[in-house]
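Peer 1: Got a sequence here, can you model it:
(one chain, ligands or ions: 1)
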Amino acid sequence: MRAFVTGGAGFIGSHLTDRLLVEGWEVVVYDDFSTGSELFLEGARAHDGFQLVRGDVLDAARLTRAMEGADLVCHLQANADVRGGPLVPRRDLEQNVGATFNVLVAMRENRVPRILFSSSATVYGEPSVFPTPESAEMVQTSVYGASKLAGEAFIQAFGEYEEIRSYVFRFVSFVGERYTHGVVFDFVKKLRANPREMEVLGDGRQRKSYLHVADGVQGMLTALSKAEGRANVFNLGHEDCLNVLTVADLVCEEMGLAGVRYRTTGGTRGWKGDAPTVQLDTARLRSLGWAPAISIEQGIRRTTRYLLAHPELFGRR
Ligand SMILES: NC(=O)c1ccc[n+]([C@@H]2O[C@H](COP(=O)([O-])OP(=O)(O)OC[C@H]3O[C@@H](n4cnc5c(N)ncnc54)[C@H](O)[C@@H]3O)[C@@H](O)[C@H]2O)c1
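Peer 2: So this is what the prediction gives:
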């Protein structure tokens, strides 16, 4: 079986690639390395079944050719920068909606029967029910969330036309090795520059769920092997959550720093489009036998240690 992984050189895509190879899949990674890294593919290169194609998902002809022979598309490519949305909304339209559309057209050309898609908890906007189930009302509060929801909608529509089975995952914030963006990255970066004082966006009381990437990949593969529906949608996260100041405390502890003064910028949101609480109901995926093995605290600590061991990552973002 051959999997075609867009964004396979990125944080989550490279872990998914490694795991698929271990499970005996052939994997073609398609990536333009805009935020991904060759380093993340070092393990994958050791497998005979691995192939890399450098290319832009917006290059439809190249994408379609590279996808030939795939049995499964894992569409992980995106502009994953949630915060930048209000400044450059067209980027989410092109890199998320347009790119997903291209992937679906290429799947049709190549008659690929299954797609796995990395959506996001941001599609719920600011929900009123916690933990938030997949059936919750969705009111969009960010361009990024809107672009992910549009991606889901196109997948559903193509699924009807082309009989494509879909596995859509609404991720909370993932953490773990090869992490290159998000709150832990920002904190470590700021504390490396100034270990005495750190700005924290919002009032620091935002409560969020985080999930270690190994648990996330396990969740996706569980659904892929066990979900029976044609259009499957799963929340993917820890049901616990931590507030942002507790995350800051854990990062400081791992960095051996005491007495750091936090300067909160105020307000219940870190930025426009940020949700004060992210806590997803994962009963649907758990009913298939999945459960996270790594606590949020361990995930944050491991991520901090990884970043400290890889300072070269800070030069890139
Ligand atoms: N990291 C999270 O916590 C999180 C949360 C929710 C959803 N997601 C989604 O999961 C997916 C993976 O996120 P990530 O954190 O690994 O991000 P990432 O930035 O590490 O990975 C994205 C990959 O896509 C590649 N890419 C970007 N644009 C491209 C293009 N036009 N053509 C070809 N390749 C391109 C990048 O080089 C990179 O390797 C994304 O779809 C993201 O929106 C991530």
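
Peer 1: so who does the nearest residue to Gly259 once chain neighbours are set aside touch?
Peer 2: With Cβ to Cβ, 6 or more residues apart in numbering as the criterion, Gly259 has its nearest non-adjacent residue at 7.8 Å, and that residue is Arg196. Just so you know, the C-beta spots here come from the backbone N, C-alpha and C atoms, and that holds for glycine as well. Arg196 makes contact with 259-261 under the criterion Cβ atoms under 8 Å, 6 or more residues apart in numbering.

Peer 1: Out of these, which is nearest to the ligand?
Peer 2: Distance to the ligand across the contacts of Arg196 (Cβ to the nearest ligand atom) is lowest for Val260, with 24.3 Å.

Peer 1: Just the CA trace of stretch 36-44, in CSV.
Peer 2: Only the C-alpha atoms of stretch 36-44 are listed here, as CSV (Å, rounded to 0.1, in the frame of the first residue of the first chain):
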residue,chain,number,x,y,z
GLY,A,36,9.5,21.6,6.9
SER,A,37,13.0,20.2,7.2
GLU,A,38,15.2,17.6,5.6
LEU,A,39,16.4,16.7,9.1
PHE,A,40,12.9,15.5,10.0
LEU,A,41,13.2,12.9,7.2
GLU,A,42,16.5,11.4,8.3
GLY,A,43,14.8,8.3,9.8
ALA,A,44,12.4,7.9,6.8
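
Peer 1: how about it, does it reach the ligand?
Peer 2: Yes: using Cβ under 6 Å from any ligand atom, we find that stretch 36-44 touches the ligand at Gly36.

Peer 1: which residues does Gly55 contact?
Peer 2: Applying Cβ under 8 Å, 6+ apart, the residues contacting Gly55 are 30-32, 62-63, 66.

Peer 1: Give me the phi and psi for the residue lying closest to Gly266 once chain neighbours are set aside.
Peer 2: Once flanking residues are discounted, Gly266 sits nearest to Asp203: 5.8 Å by Cβ to Cβ, 6+ apart. Per-residue torsions, Asp203: phi -90, psi 0 (degrees, to the nearest 10).

Peer 1: and what of Gly219?
Peer 2: phi -60, psi -40.

Peer 1: how about whichever strand or helix holds Val247: buried residues?
Peer 2: Using DSSP states H and E, Val247 sits within helix 244-254. Judged by neighbour count (16 or more other Cβ atoms under 10 Å), helix 244-254 contains these buried residues: 244-252, 254.

Peer 1: quick one: which of the residues you listed is nearest Ile294?
Peer 2: The closest of those to Ile294 turns out to be Leu250 (Cβ to Cβ; 13.6 Å).

Peer 1: Which of the three states applies to the residue nearest to the closest one when sequence neighbours are not counted?
Peer 2: Using Cβ to Cβ, 6+ apart and skipping the chain neighbours, the partner closest in space to Leu250 is Ile300 (4.7 Å). Following DSSP: H, G, I helix; E, B strand; the rest coil, Ile300 is assigned to helix.

Peer 1: before we move on, back to that, which ones among the contacts of Arg196 lie within strands?
Peer 2: Among those, the members falling in strands (DSSP state E) are Arg261.

Peer 1: so who does Asn243 touch?
Peer 2: 204-208.

Peer 1: Give the buried residues for stretch 101-121.
Peer 2: For stretch 101-121, by 16+ other Cβ under 10 Å, it's 101-107, 110, 112, 114-121.

Peer 1: re earlier: could I get the contacts of Arg196 in JSON lines, plus columns for distance to the ligand?
Peer 2: Putting these into JSON lines (distance: Cβ to the nearest ligand atom, whole Å) gives the following:
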{"residue": "Gly259", "distance to the ligand": "30"}
{"residue": "Val260", "distance to the ligand": "24"}
{"residue": "Arg261", "distance to the ligand": "28"}
